[in-house]
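Undergrad: Task: produce atomic coordinates for the following.
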Amino acid sequence: MLNSFTAVSALRANAVALNTVANNIANANTPGYHKQSVLMTELPPNLVSNLQVGTGVKVQSIRRSYSELTERALTSNTAELAASDARLATLNQIESVFTPGPGSLTDRTQKFFDELERLSANPGDVTQRGIVLRGAEALTDELHSSLSQLGSIKSSLRTEAEQLVRDLNSKADEIASLNKQIRIAEGGGANANDLRDRRDQLTNELAGIVDAELSTSGGGRGSVLLADRTLLIGEKSVNLGIATSPEGDTILVNSASGEQVSLTGGRLAGLFQSINEIVPEFENQLNEFSNGLIHQFNQTHATGVGASGPFEQLFGGRAVGDVTAPLAETATDFPIAAGELTVTVTDAATGERRNTRLTIDPKTQSLDDVAALLNGVDHLEATVNSTSRKITLRAETGFGFDFTGQLETTPDLTAVTGTSLPQLAGRYNGTANDTFAFTVVGTGNVGVTDGLSVEVRNGNGDLLNTLDLGSTYAPGTEVEVSDGVRVSFGAGTLAAGDTFDASAIANSDTTGVLSALGLNEFFNGVSASDIEVDGALLNDPRRLAAARSTRPGDNDNVDRLISLRDEKLLRDGTRAFEGFLTETLGTIGDQVRDASLESDSLKASQQRITAEREAYSGIDPNEELVDLLKYQRAFEAASKTLSVMDELMRTTLDIVR
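TA: Below is the predicted model of the structure:
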């Protein structure tokens, strides 16, 4: 007997196949869609006259074309590329902050030093002093602006991270819901292909935010692992948030437990690295530049004098942590080393200068102790305010003080018995502090007695010069001693063995205490955020310490400020100021190049993996057309078979009648 059920099964199976092909064609451009294929199997046969007769076909399953290896590679690549692109975008923004050009930090620094060089040519020009100070203001403004721009970059990165976390939580909720739907849908043995496609798509989208991967469970349904496999999204979601660590870093936390979540990939990893490492690296460089500029300029400026010469009073602008604690053990803005501080006191009426060399040891001496030392200098008073923890210096009426280390006008003649009065002149230009010892050889009258001379030795006892004061010497004439120091001897007598010393000061403050206490500052502040030109200078440009004496045209100190341009004072003594900025820009450029190469490499890998995925899981319209025709003809044949059976059945019935 004819079995029409065989033909009907063929109709049904090929109808399902046609619908599957149509679904493939419809979703050819749907993101995340995987090609579906019908798997057919024959129905159990019937036994007829000892023969097994086939009973038709059934659809066993509709399978997804899915390569787990390729999908894992694509998800991993997505996470790496997202992190890389986040870092690259940040570096590009930072590069724009430091890029040289008019008004840039490099430009402002160059112009500031250029204006100092113009002042050196005419140190008494008050107008040029004002130009120098305005140039310094422009430099500090640019430091503020650059730091502010970096802060804005961090702020925008955090805002983006917060939005990404909200997106992450939303996608995690949807994945949890999908996992439940997949379990229910596949409970009867069917494949939830569309649900799995959506979950795979969401997993890749999550990987773009935070490292994620699909893990197949024992039942084959799978779950999604996040954050270096520390979080699992099954049928229950996770909720994450952003917090600040005790160290001040921006971190991802599990909202339920408050525990930090580690990140190895995804855009969030790149954003957090940018916020916590990349941007702070260049903030630190701005602060290092600013701190070095403040420290070195202030230290040099403090050892000079303005147009008015020595000071009547100075107010320390910087506090210490504890006025009674050793300076090495309490907070100071700048470090203090063991060494000497030379204080020069000048009699305003006579012009006589006297130097006092004070030994300072921060390991044993406090600010109160330093004030006591300064109080021991004739005609100088030092007081410490216990509330503000700052020092104030005042000269006795009729006297002035400074820290220029100028030569004394007349050395200490306590051990001299002769009547000739020596006078010192010039400027010591040696590189290290020294003491010149003058010893008289022979006895007689200056400029009269042949053989009368003075030997000059340095602090090591080395003979520097022998000064002939015999008949060829005209009393009162200055003669060169050594390293820019000159001396003259007035008419009178000198006795053999008479001796006197002269302090030769190259650096009047080898301790750094002047900048640490904020005396005669050029800049206020300690970093790029608070650096400012000292208000007293802005109010009176004549206070700019261009000189180290009251000699007209003295540009010695402004030249020392200019010399800071080329001194390697930053990065552990390896970079000058402009070189530091050049290196910083080079560092950014190198990082941008490396990040670009990394991103390009990952994009190339993504294109390759995507091509592999499309070749295996994608929709080829030509292939679908072939399948469409195949199943269409099979359907038509089954339909024709059913018609033939119907006709044969009618014929058989007619015969029976």
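Undergrad: contacts and neighbour counts: CA atoms only from here.
TA: Noted.
Undergrad: any idea how far A192 is from R613?
TA: Using Cα to Cα, to the nearest Å, A192 is found at 20 Å from R613.
Undergrad: What segments of the stretch 351-500 of the chain are strands?
TA: 353-360, 380-385, 390-395, 399-402, 422-426, 434-441, 444-445, 453-457, 463-468, 479-482, 485-489, 493-494, 499-504 (DSSP state E, counting those that start in this stretch).
Undergrad: brain fart, the stretch 51-200 of the chain
TA: 51-53, 57-64.
Undergrad: Lowest average pLDDT across those?
TA: Among the strands of the stretch 51-200 of the chain, strand 51-53 carries the lowest mean pLDDT, at a mean of 76.
Undergrad: Does anything pack onto that strand? Which helices or strands?
TA: When contacts are defined as 3 or more Cα pairs under 8 Å, 6 or more residues apart in numbering; DSSP states H and E, strand 51-53 packs onto strand 46-48.
Undergrad: Can you list the strands that the strand it packs on pairs with?
TA: Strand 46-48 pairs in its sheet with strand 51-53 (antiparallel), by DSSP bridges.
Undergrad: buried residues in the strand it pairs with?
TA: For strand 51-53, the neighbour count (16 or more other Cα atoms under 10 Å) marks no residue as buried.
Undergrad: Would you mind listing the outside residues contacting that strand?
TA: Strand 51-53 is contacted from outside by P45, N46, L47, using Cα atoms under 8 Å, 6 or more residues apart in numbering.
Undergrad: 10 Å - rerun?
TA: For strand 51-53, contacts defined as Cα atoms under 10 Å, 6 or more residues apart in numbering pick out N3, P44, P45, N46, L47.
Undergrad: is it true that the third one touches G54?
TA: Yes: P45 is in contact with G54 according to Cα atoms under 10 Å; the separation is 4.3 Å.
Undergrad: how about low-confidence regions in the chain?
TA: 1-3, 217-221, 657 (pLDDT under 70).
Undergrad: Which residue ranges of it form helices?
TA: 4-26, 68-98, 105-121, 126-185, 193-207, 266-273, 279-302, 367-375, 513-517, 535-539, 556-563, 577-617, 621-656 (DSSP state H).
Undergrad: among those, which is nearest P475?
TA: The closest of the helices of the chain to P475 is helix 556-563. By Cα to Cα, the value is 29.3 Å.
Undergrad: ok, F436 - contacts?
TA: 455-464, 481-482, 485, 500-504.
Undergrad: Please spell out the PyMOL selection for the buried subset of the residues you listed.
TA: Remark: buried members of the contacts of F436, expressed as a PyMOL selection using 16+ other Cα under 10 Å:
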select buried, resi 455+456+457+458+481+482+485+500+501+502+503+504
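Undergrad: how about the strands in the stretch 201-350 of the chain?
TA: 212-215, 223-226, 231-233, 240-244, 250-254, 260-261, 313-315, 339-347.
Undergrad: Send over the longest one as CSV, restricted to the C-alpha atoms.
TA: Translated: strand 339-347. What follows is strand 339-347, C-alpha atoms only, in CSV (Å, rounded to 0.1, in the frame of the first residue of the first chain):
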residue,chain,number,x,y,z
GLY,A,339,77.0,73.3,54.6
GLU,A,340,77.7,77.0,55.0
LEU,A,341,75.6,80.1,54.7
THR,A,342,77.5,83.3,54.2
VAL,A,343,75.8,86.5,55.5
THR,A,344,77.1,89.8,54.3
VAL,A,345,76.3,92.9,56.4
THR,A,346,77.0,96.4,55.0
ASP,A,347,77.3,99.6,56.9
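Undergrad: got the angle between that strand and strand 390-395?
TA: 40 degrees (axes from the mean of the first three to the mean of the last three Cα atoms, to 10 degrees).
Undergrad: The fourth one now?
TA: Direction vectors for strand 240-244 and strand 390-395, defined by the same axes, to 10 degrees, enclose an angle of 30 degrees.
Undergrad: Sheet partners, orientation included, of strand 240-244?
TA: strand 250-254 (antiparallel).
Undergrad: coming back round to it: looking at the contacts of strand 51-53, which is nearest I209?
TA: Out of those, the member with the shortest distance to I209 (by Cα to Cα) is P44, at 50.9 Å.
Undergrad: count of neighbours near the closest one?
TA: For P44, the count of nearby residues is 12 (other Cα atoms under 10 Å).
Undergrad: So for it, what's the nearest residue that isn't a sequence neighbour?
TA: T55 (6.5 Å; Cα to Cα, 6 or more residues apart in numbering).
Undergrad: got a list of what P362 touches?
TA: Contacts of P362 (Cα under 10 Å, 6+ apart): 325-330, 335-339, 369-370, 511, 513.
Undergrad: What about the residues you listed, which one has the most neighbours?
TA: Using other Cα under 10 Å as the neighbour criterion, L327 leads the contacts of P362 with 28 neighbours.
Undergrad: Excluding covalently adjacent residues, which one is nearest to that residue?
TA: P362 (4.7 Å).
Undergrad: again with T330
TA: Here the nearest residue to T330 in space, its sequence neighbours aside, is G321; by Cα to Cα, 6+ apart that works out to 5.2 Å.
Undergrad: re earlier: closest one to L150 among the strands of the stretch 351-500 of the chain?
TA: Closest among these, using Cα to Cα: strand 390-395, at 33.4 Å.
Undergrad: So what's the residue count around the closest residue to L225 other than its chain neighbours?
TA: In space, L225 comes closest to L232 once its chain neighbours are excluded; the distance is 4.6 Å by Cα to Cα, 6+ apart. Residues lying near L232 (other Cα under 10 Å) number 20.
Undergrad: Please give me every residue in contact with L232.
TA: Applying Cα under 10 Å, 6+ apart to L232 gives the contacts A172, A176, A212, E213, L214, S215, S223, V224, L225, L226, V238.
Undergrad: Help me confirm that the second one comes into contact with N239.
TA: Right, the one you point to is A176. No: taking contacts as Cα under 10 Å, A176 lies outside contact range of N239: 11.6 Å.
Undergrad: quick one: which of the strands of the stretch 351-500 of the chain is nearest S529?
TA: Smallest distance to S529 across the strands of the stretch 351-500 of the chain (Cα to Cα): 22.3 Å, for strand 390-395.
Undergrad: Thank you, goodbye.
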